[in-house]
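A.B. asks: Sequence and predicted model, in that order:
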Amino acid sequence: MNLDKLTPEDEEARMMALMGFGGFDSTKGKKVSGNDVSGVNIKKKRQIRQYMNRMRGPNRTLDNVQ
């Protein structure tokens, strides 16, 4: 097969066969299965409570954490 005399259609056919797919298509406006599955890892800021060196002494109840 002479590579210099290939037509654009032959080139495209060889490229598609080489890459292993039959054509190009867009998913715009189409339903894609499995697209509605997602997850998010949200890091919440930690609430700290001071145990040592508190005002009014150590014998009072700890502050409420919200």
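C.D. replies: Here it is on my side, so go on. Numbering: from 1, shown residues only.
A.B. asks: ok, Phe24 to Glu11 distance?
C.D. replies: As judged by CB to CB, to the nearest Å, Phe24 and Glu11 stand 14 Å apart. C-beta coordinates here come from the backbone N, C-alpha and C atoms, glycine included.
A.B. asks: now swap in Gly29 and tell me
C.D. replies: Gly29 is 30 Å from Glu11, by CB to CB.
A.B. asks: more neighbours, the two?
C.D. replies: Shown here are Gly29 and Glu11; by other CB atoms under 10 Å, Glu11 has more neighbours (11 against 5).
A.B. asks: so how far is the helix or strand hosting that one from its chain's centroid?
C.D. replies: Element membership for Glu11 (DSSP states H and E) is helix 8-19. For helix 8-19, the separation from the chain centroid amounts to 32 Å (computed by CA atoms, centre = their mean, to the nearest Å).
A.B. asks: can you pull the buried residues of that helix?
C.D. replies: Of the residues in helix 8-19, none is buried by neighbour count under the rule 16 or more other CB atoms under 10 Å.
A.B. asks: Having no further points to raise, I will conclude here.
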